[in-house]
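Engineer: my questions concern the predicted model and sequence given below.
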Number of protein chains: 2
Amino acid sequence: MKLSAGVEWSIHCCVVLSQAEQPVPSARLAELHGVSKAYLAKHLHQLARAGLILPSEGRDGGYALARVAGEITVLQVVQAIDGERPAFRCTEIRQQGVLAQPPEKCLEACGIAKVMADAERAWRDSLAGTTIADLAASLDTSRLDEVL
Amino acid sequence: MKLSAGVEWSIHCCVVLSQAEQPVPSARLAELHGVSKAYLAKHLHQLARAGLILPSEGRDGGYALARVAGEITVLQVVQAIDGERPAFRCTEIRQQGVLAQPPEKCLEACGIAKVMADAERAWRDSLAGTTIADLAASLDTSRLDEVL
């Protein structure tokens, strides 16, 4: 199980944007973190599509957070980049092979799928409990003033 | 983020083995769930390597649980198949680019990595709270007596 590498870049970018007083060009965001502009552009589009950041008018393609950092959770950023599909995907094994159960006995989710879904809910709840503002407060953002 | 499809087969197999009074040949396990023997063999090897199931002596290649089902957690099965590497892999972005922090300021894990690790711990704790015996009790295993 592996999260898209873009998750890490995207969370760092949101923390930077939370400290900026004006939109930050995507080229500058890439430079700040030492990543290619083309690579980051894809993830910035994903964040914009999810309504977490807003492109600014004009040629430089700057971005700003779409709402205050205390209202953007880590879970929202993760799902914007990595999608919302569950990591465990039940293929209804209980309806296959010699042991196949009839559909009328499979109206509820399989017990195995339920246990896996509970665990993913715990993971999501944990990520939903931290906002970009929380992260910005816990990280050393002192140098951002100089570079933004 | 996606778990290996083998996780689902492997949990189902462990539940079957928990109900068997003698080792079950891998071909029979495959047949019970309508999956190819070659496909399942790989995952049975992984479960055996993790010490969760034991191959029996003889030509038929049967398997039994290596310990009682109440002492095998869903987490152990998931990690046997999908590995133990974290889903979020920190690449130390804070040490890259214009914003790079010196190594001496990065002795502790980055705050972002900590939040992601906490969430994965919640996921693991949840999966560690259910055993194969719990699952067997919650699933309809009534037909297993006829087919094992």
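Structural biologist: Arrived safely. Numbers count the residues shown, from 1 in each chain, chains lettered A, B, ... in the order given.
Engineer: which residues does the helix ranked longest in chain A contact?
Structural biologist: Longest helix of chain A, by residue count under DSSP state H: helix A:111-128. Helix A:111-128 has contacts (Cβ atoms under 8 Å, 6 or more residues apart in numbering or on different chains) with A:73-76, A:78, A:86-88, A:90, A:109, B:3, B:7-8, B:11-12, B:15, B:74, B:115-116, B:118-127, B:130, B:135, B:138-139. Any C-beta I mention is one placed from the backbone N, CA and C, and that applies to glycine too.
Engineer: now do the same contact list for A:S18.
Structural biologist: Counting by Cβ under 8 Å, 6+ apart, A:S18 touches A:L65, A:A69, A:I132, A:A133, A:A136.
Engineer: can you tell me how far the residue located most distally from the centre of chain A sits from B:V24?
Structural biologist: Going by Cα atoms, centre = their mean, the residue of chain A most distant from its centre is A:V98, 41.1 Å out. Distance, A:V98 to B:V24, by Cβ to Cβ, to the nearest Å: 12 Å.
Engineer: repeat that for A:L135.
Structural biologist: Here the criterion is Cβ to Cβ. By it, A:L135 lies 49 Å from B:V24.
Engineer: neighbours of the nearest residue in space to A:D145 that is not next to it in sequence, how many?
Structural biologist: Of all residues not flanking A:D145 in the chain, A:Q19 sits nearest, at 7.6 Å (Cβ to Cβ, 6 or more residues apart in numbering or on different chains). As a burial measure, A:Q19 scores 18 neighbours (other Cβ atoms under 10 Å in any protein chain shown).
Engineer: measure stretch A:12-32 end to end?
Structural biologist: End-to-end span of stretch A:12-32 (Cα to Cα, to the nearest Å): 10 Å.
Engineer: identify each buried residue in that stretch, please.
Structural biologist: Judged by neighbour count using 16 or more other Cβ atoms under 10 Å in any protein chain shown, the buried positions of stretch A:12-32 are A:12-20, A:23-26, A:28-32.
Engineer: where does pLDDT dip in chain A?
Structural biologist: A:59-61 (pLDDT under 70).
Engineer: just to revisit the earlier point, which of the contacts of helix A:111-128 are buried?
Structural biologist: A:73-76, A:78, A:86-88, B:3, B:7-8, B:11-12, B:15, B:74, B:115-116, B:119-120, B:122-124, B:126-127, B:130, B:135, B:139.
Engineer: ok, and the closest non-adjacent residue to the residue minimising distance to the centre of chain A?
Structural biologist: For chain A, A:V78 is the residue whose C-alpha lies nearest the centre (Cα atoms, centre = their mean; 1.7 Å). Spatial nearest neighbour of A:V78, excluding adjacent residues (Cβ to Cβ, 6+ apart): A:V7 at 5.4 Å.
Engineer: can you pull out the helices in chain A?
Structural biologist: A:6-19, A:26-33, A:37-49, A:74-82, A:111-128, A:132-138, A:144-147.
Engineer: what about the fourth one, distance to the chain center?
Structural biologist: By that I understand helix A:74-82. Remark: helix A:74-82 is offset 1 Å from the chain centroid, using Cα atoms, centre = their mean, to the nearest Å.
Engineer: how about that helix as PDB, C-alpha atoms only?
Structural biologist: Provided in PDB are the C-alpha atoms of helix A:74-82 (Å, rounded to 0.1, in the frame of the first residue of the first chain):
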ATOM      1  CA  VAL A  74      -4.900  16.900   5.800                       C
ATOM      2  CA  LEU A  75      -7.500  14.300   4.700                       C
ATOM      3  CA  GLN A  76      -8.900  16.700   2.100                       C
ATOM      4  CA  VAL A  77      -5.400  17.200   0.600                       C
ATOM      5  CA  VAL A  78      -4.700  13.500   0.700                       C
ATOM      6  CA  GLN A  79      -7.900  12.600  -1.100                       C
ATOM      7  CA  ALA A  80      -7.500  15.400  -3.600                       C
ATOM      8  CA  ILE A  81      -4.200  13.900  -4.700                       C
ATOM      9  CA  ASP A  82      -4.700  10.200  -4.000                       C
END
